[in-house]
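Peer 1: for reference, the sequence and a predicted model appear below.
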Amino acid sequence: MDKRDFFRSLGFSEYETDSIVTLIKLKIATPKEISIDSGVPQNKLYAILNKFESYGILSLIPSGTKRYKLINLKTFIDAKVKEKEKRLKEIKKNAANLDETDEGEFVFSLIKGQKTVMNKLAENNVRVKKEILGVQRNWKIWGEGIKVMKDAVKRGVDVKMIGVVNDKTKKRAEEWKKIGCKVRAYNKKFGEFPLRFTIFDNKEARITIGKPEIQDPKEYITIWTKSKPLINTLRSQFMTMWESSR
């Protein structure tokens with residue numbers, strides 16, 4: 001991160017950032033010198049210098065021509081960083097509280113896009129207590145997904161996954177197996193391509209329609225459901241597929 005990015009991250013505007021970076025560079029400078037070096041118009045610069053003085057980070061050098069230098073910059077930055085850290089803790093605390101909120105009663109919801117449903121799967125798997133049963137095609141691996149699943153296995157969640165295993169997908173399937181998932185190769189007697197679905201604690205399920213029916217991952221459609229009859233049907237299908245897979 002360069003100086004400009006750093007000061008912008010502390011909340012300085014573009015002109016304020018340009019001005020403070022110039023003051024660091026020139027050490028002591030007149031308003032005209034600061035304006036020329038930074039590109040900040042003088043009519044904007046004076047308000048910025050007054051603001052810096054109010055922050056206690058700018059000192060006026062007594063002389064015939066006004067000259068300025070930065071002071072107490074480290075103290076100011078340390079205070080800003082502590083303020084940011086405090087705010088970040090508050091955000092994390094609020095995020096944790098949001099995780100605990102009830103999603104409310106629903107039977108079906110529709111989720112669009114592969115990335116969106118991957119994020120939903122990762123969030124949902126944090127809450128699973130006993131069992132995840134999943135059928136996929138390509139053993140998609142992404143950092144947050146595999147981390148959350150690994151944690152679930154450590155908590156004692158029984159994870160069973162069925163998917164297409166071939167020269168292209170075998171290594172990815174082995175990655176899921178390494179973290180403790182029970183994996184089996186899809187038996188094509190159920191069709192050329194398996195239906196992607198997952199069941200969570202026998203309470204929720206998802207069905208995803210993607211390739212080859214939908215080519216663009218951004219257009220994938222996922223049905224998320226709490227329908228007991230549908231979940232029971234999917235679970236029965238999964239167990240039949242599991243027994244017939246190797």
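Peer 2: Okay, I see it. Residues are numbered from 1 along each chain as shown.
Peer 1: contacts for stretch 229-242 next, please.
Peer 2: The contact list for stretch 229-242 (Cβ atoms under 8 Å, 6 or more residues apart in numbering) reads 133, 135, 160, 162, 184, 186-187, 190, 194, 197, 199, 202-205, 207, 225. For the C-beta atoms, the positions are set from N, CA and C on the backbone; glycine is no exception.
Peer 1: mind checking which of those are buried?
Peer 2: Buried by 16 or more other Cβ atoms under 10 Å: 133, 135, 160, 162, 184, 186-187, 190, 194, 197, 199, 204-205, 207, 225, out of the contacts of stretch 229-242.
Peer 1: which secondary element of this structure has the worst mean pLDDT?
Peer 2: The weakest-scoring helix or strand in the chain, judged by mean pLDDT, DSSP states H and E, is helix 73-99 (a mean of 84).
Peer 1: could you dump the very next helix or strand once past that one to CSV, C-alpha only?
Peer 2: Toward the C-terminus, helix 73-99 is succeeded by strand 108-112 as the next helix or strand (DSSP states H and E). Extracted in CSV, the C-alpha atoms of strand 108-112 (Å, rounded to 0.1, in the frame of the first residue of the first chain):
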residue,chain,number,x,y,z
PHE,A,108,-38.9,-22.2,-1.6
SER,A,109,-36.5,-19.5,-2.6
LEU,A,110,-34.5,-19.0,-5.8
ILE,A,111,-30.8,-18.1,-5.9
LYS,A,112,-29.2,-17.0,-9.1
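Peer 1: direction included, what does strand 108-112 pair up with?
Peer 2: Strand 108-112 pairs in its sheet with strand 221-225 (antiparallel), by DSSP bridges.
Peer 1: now the helix or strand that the partner strand is followed by, how far from the centre of its chain.
Peer 2: Where DSSP H and E defines the elements, the next helix or strand beyond strand 221-225 is helix 228-244. Relative to its chain's centre, helix 228-244 lies at 32 Å (Cα atoms, centre = their mean, to the nearest Å).
Peer 1: what comes up buried for helix 228-244?
Peer 2: Judged by neighbour count using 16+ other Cβ under 10 Å, the buried positions of helix 228-244 are 230-231, 234-235, 237-238, 241-242.
Peer 1: so for the residue of the chain most remote from its centre, what's the pLDDT?
Peer 2: Within the chain, residue 64 marks the point farthest from the mean C-alpha position, 55.0 Å out by Cα atoms, centre = their mean. Looking at residue 64, its pLDDT reads 79.
Peer 1: domain-wise, how is this structure divided?
Peer 2: According to automatic domain parsing, the chain comprises the domains 3-95, 108-244.
Peer 1: picking up where we left off before, from the buried ones among the contacts of stretch 229-242, which is closest to residue 52?
Peer 2: When the buried ones among the contacts of stretch 229-242 are compared for distance to residue 52 (Cβ to Cβ), residue 204 wins out at 54.8 Å.
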